[in-house]
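**Q** no sequence for this one, just the structure:
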């Protein structure tokens, strides 16, 4: 199965329309365009048979066939998606036992009378090229409360080694919500695979708290991944005008927003909250000022770029780059801004089953890019 998948992805890359060479500190790369013509692509998942699923923020789930063709028709059967501002159809992920159960998970924005909020659903892919559809669709989670405005929806989906589902949520543009435990905004939640609060969540016995909450004090987490060695959840989040953060995510920990931050107010440049540190609030492993607007996180563990093994790869929207972060355990060592001038806004970063690195570019004519050693 793995050999067939690698062959399919190699054929897919060969179908790419263009490629360019880029020098980095550790490796010389070829940047190949695998699929173009995607509108604001947001999340990417690899099916075991060599196809790919990619979300478009306006509300479409697309299939990339094994030969690299983008199926012209979106997958039917999604729950209603209500795009607004930064929200729409967001992440997509496969259940760890996908080969046995067929479950696909996705996050998206839907509105009610109170406003918009992030939701998570799952379903199974059926049909044939040109007529794909989702069946057995179940809505598993709805952010509470929903609210007006189009800012800070999150949202990434990660399956932990504990079998539970971690979903990242933004503060919806209202800073103080991130510190409220009766509110999902500005949190990372942990669910069972059928959407219930996971057993052992840190606030499960607090009648004033939402039982799904795993961690809080987040501004807008748009990248999350498991460390390949430790299995620990890591996440990246947007700061305001600086203060983008890389964090190790632990149960019940307060990550400080908006009480502490290394960013400042956009308009006035004045400080936010109480400064950069306070007792009982976690410090980031790394922060960036000015802000490159980070989105998408993956740890490299393949064999195509051996000198990157164990490094974190982070997309940059405003920075239009791929950031490589070297770590020593949970300590920051160095970073490198790669592909500057060679890519547009990088929304997502994924490591393919073939060991190559795949990027999504967040533009009206976005693309799936593949990094290959040159």
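**A** In hand now; what should we look at? Since we're looking at a predicted model, the values are computed, not measured.
**Q** so residue 331 touches residue 285, yeah?
**A** Yes: at 7.3 Å, residue 331 counts as touching residue 285 under the criterion of CB atoms under 8 Å. The C-beta positions use only the backbone N, C-alpha and C, and glycine is treated the same way.
**Q** the more surrounded of these two?
**A** Higher neighbour count among residue 331 and residue 285: residue 285, with 18 against 9, using other CB atoms under 10 Å.
**Q** Quickly list what the nearest residue to residue 155 once chain neighbours are set aside is bridged to.
**A** Distances taken as CB to CB, 6 or more residues apart in numbering place residue 107 nearest to residue 155, at 4.2 Å, with adjacent residues excluded. On the basis of DSSP bridges, residue 107 is bridged to residue 120.
**Q** you'd agree residue 107 is up against residue 81?
**A** No: Residue 107 lies out of contact with residue 81 (CB under 8 Å); the separation is 10.2 Å.
**Q** Have a look at these two and say which one is more surrounded.
**A** Higher neighbour count among residue 107 and residue 81: residue 107, with 28 against 22, using other CB under 10 Å.
**Q** quick one: contacts for the more buried one?
**A** 43, 90, 91, 118, 119, 120, 154, 155, 156, 157, 167 (CB atoms under 8 Å, 6 or more residues apart in numbering).
**Q** Same question for residue 215.
**A** Residue 215 touches 187, 188, 249, 250, 251, 252, 253, 254, 255, counting by CB under 8 Å, 6+ apart.
**Q** And for residue 266?
**A** Residues in contact with residue 266 (CB under 8 Å, 6+ apart) are 240, 241.
**Q** where along the stretch 251-374 of the chain do the strands fall?
**A** For the stretch 251-374 of the chain, the strands defined by DSSP state E, counting those that start in this stretch cover 286-288, 294-299, 312-316, 321-328, 331-338, 346-351, 357-361, 366-373.
**Q** Go through these and pick out the most buried.
**A** Comparing these by mean neighbour count (mean count of other CB atoms under 10 Å), strand 312-316 ranks first with a mean of 27.
**Q** re the thing from before, please determine how far the residue nearest to residue 155 is located from residue 158.
**A** Distance of residue 107 to residue 158, computed by CB to CB, to the nearest Å: 11 Å.
**Q** Repeat that for residue 369.
**A** Counting by CB to CB - residue 369 and residue 158 are separated by 22 Å.
**Q** cool, residue 364 as well?
**A** From residue 364 to residue 158 the distance is 28 Å (CB to CB).
**Q** so how many other residues sit close to residue 205?
**A** Residue 205: 8 surrounding residues under other CB under 10 Å.
**Q** do the same with the one 4 residues further on
**A** A count of nearby residues for residue 209, using other CB under 10 Å, gives 17.
**Q** Who is the residue nearest to residue 297 when sequence neighbours are not counted paired with across the strands?
**A** Nearest residue to residue 297, sequence neighbours excluded (CB to CB, 6+ apart): residue 223, at 3.3 Å. Beta bridges link residue 223 to residue 236 when assigned by DSSP bridges.
**Q** pretty sure residue 223 contacts residue 238?
**A** No: if you go by CB under 8 Å, residue 223 and residue 238 don't touch, sitting 9.6 Å apart.
**Q** Mutual contacts of those two, please.
**A** In terms of CB under 8 Å, 6+ apart, residue 223 and residue 238 are both contacted by the residues 294, 295.
**Q** Show me the shaky parts of the protein.
**A** 1-18 (pLDDT under 70).
**Q** For it, just list every one of the helices.
**A** Assigned by DSSP state H, the helices in the chain fall at 2-14, 98-101.
**Q** What residues sit buried inside stretch 181-190?
**A** 183, 184, 185, 186, 187, 188, 189, 190 (16 or more other CB atoms under 10 Å).
**Q** what's the answer for stretch 116-136, then?
**A** Applying 16+ other CB under 10 Å to stretch 116-136 flags 116-125, 132-134 as buried.
**Q** for it, the distance to its chain's centre please.
**A** 19 Å (CA atoms, centre = their mean, to the nearest Å).
**Q** what's the answer for stretch 215-228, then?
**A** Using CA atoms, centre = their mean, the offset of stretch 215-228 from its chain centre is 9 Å.
**Q** Would you mind listing the buried residues in it?
**A** 215-227.
**Q** among those, which are in strands?
**A** 215, 216, 221, 222, 223, 224, 225, 226 (DSSP state E).
**Q** these two touch, right, the last one and residue 156?
**A** No: with contact defined as CB under 8 Å, residue 226 and residue 156 do not form a contacting pair (11.5 Å).
**Q** Which residue is the nearest non-sequential neighbour of residue 21?
**A** That would be residue 374: by CB to CB, 6+ apart, it lies 5.3 Å from residue 21.
**Q** can you check residue 85 too?
**A** Nearest to residue 85 is residue 150, by CB to CB, 6+ apart, at 1.7 Å.
**Q** give me the number of residues near the one you found?
**A** So residue 150, with other CB under 10 Å, has 16 neighbours.
**Q** Help me confirm that it comes into contact with residue 82.
**A** No: the pair residue 150 / residue 82 is not scored as a contact, 10.4 Å apart, by CB under 8 Å.
**Q** what touches both of the two?
**A** Joint contacts of residue 150 and residue 82 (CB under 8 Å, 6+ apart) are residue 116.
**Q** hmm, back to that, comparing residue 364 and residue 158, which residue is more hemmed in?
**A** residue 158 (22 against 9).
**Q** pretty sure that one is in contact with residue 166, am I right?
**A** Yes: counting by CB under 8 Å, residue 166 is a contact partner of residue 158 at 4.6 Å.
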